[in-house]
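[1] Sharing a model prediction with you, sequence too.
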Amino acid sequence: MPSDITTPWPDACMGAVSLTFDDGRASQLEKAVPIMADLGLRGTFYLNPRDGFDLAPWRVLSQAGHEIGNHTVTHPCSRALGDVPNVRCLETLTLDDVEADILEASRRLRAGIPEQAEFTFCYPCYQDHVGEGLTRRSYVPLVAKHFIAGRGRGEWGHNHPATCDLANLYSWNAEFMSGPVLVGLAQQAVSKRRWVIFTVHGIEDGHLPLAEVALTELCRFLRDRRADIWTAPVVEVAAAVKAWRAAGR
Ligand SMILES: [Zn+2]
């Protein structure tokens, strides 16, 4: 490794990858978790701990080294995604409303998974604002106040450790992608010395599906390249970036 290149990644890795899964879908437990377990990979699962939501199977994941993250309780999004104007939505919520929702989700996650020390946040529908037009305001500062990191989307899915906003990280939304495309995007972790984050929803299910064979191909690639690509939950990579910055790199 050239001496003028430093990275926050351990074991001389030249890039990092995080696999993230949104919305607590059953197909993640049924399909993604076994694939990752077989290959020794750990990821981040962003949940909405609504009333009656069973955290027990997700607590098992946390105990196996995965991260269980905050995706709010009620998953508030823009009404522009639908066609009904009078719904509970980001346009009509205040920053205080969103903060209360986020903090309640954290309270429920800590109650259900008390041994998990720290976890990150994920923006529902990748949206980080309340209001609209002249009244629109970002809630990224709230996320920065309460979490080490927040995952969004972005024009790119990769993040440079020296320049990224940890409170609004970029990710690639992986639905409908093929195995070779996912592998190519993961290779950017090394070629660009960056942290690549993938967002996955359902595995072979739901409105944003990813094929099981594609996820398997990506995970096998990450296993095979573990000597130079560090695959870890968002909270661990964010902590490494934060420490690296604090050391003045
Ligand atoms: Zn979501």
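    Done, it's in. These figures come from a predicted structure and were not determined experimentally. Numbering: from 1, shown residues only.

[2] okay, CA-based contacts and neighbour counts for the rest of this
    Noted.

[3] who does the biggest strand by length in the chain pair up with?
    As assigned by DSSP state E, the longest strand anywhere in the chain is strand 15-22. In its sheet, strand 15-22 lies beside strand 44-47 (parallel), strand 195-200 (parallel), strand 229-231 (parallel), with partners assigned from DSSP bridges.

[4] Return the distance of that strand from the chain's centre.
    Centre-to-centre, strand 15-22 and its host chain are 6 Å apart (CA atoms, centre = their mean, to the nearest Å).

[5] can you list contacts of that strand?
    7, 9, 28, 42-47, 71, 186, 188-201, 228-234, 237 (CA atoms under 8 Å, 6 or more residues apart in numbering).

[6] Buried ones among those?
    Among the contacts of strand 15-22, those buried by neighbour count (16 or more other CA atoms under 10 Å) are 7, 9, 28, 42-47, 71, 186, 188-190, 193-201, 228-234, 237.

[7] Just want to check the distance between L61 and L39.
    Noted for L61: a distance of 15 Å to L39, by CA to CA, to the nearest Å.

[8] so what's the residue lying closest to H158 once chain neighbours are set aside up against?
    Spatial nearest neighbour of H158, excluding adjacent residues (CA to CA, 6 or more residues apart in numbering): V196 at 4.2 Å. Taking CA under 8 Å, 6+ apart, we find V196 in contact with 15-18, 157-159, 171-172, 185-186, 188-189.

[9] Run through the strands of this structure in chain order.
    15-22, 44-47, 67-70, 121-122, 129-130, 137-138, 150-151, 158-159, 172-173, 195-200, 229-231.

[10] And the second one, how far out from the chain middle?
    When distances are taken as CA atoms, centre = their mean, strand 44-47 is centred 7 Å away from the chain's centroid.

[11] Alright, that wraps it up for me.
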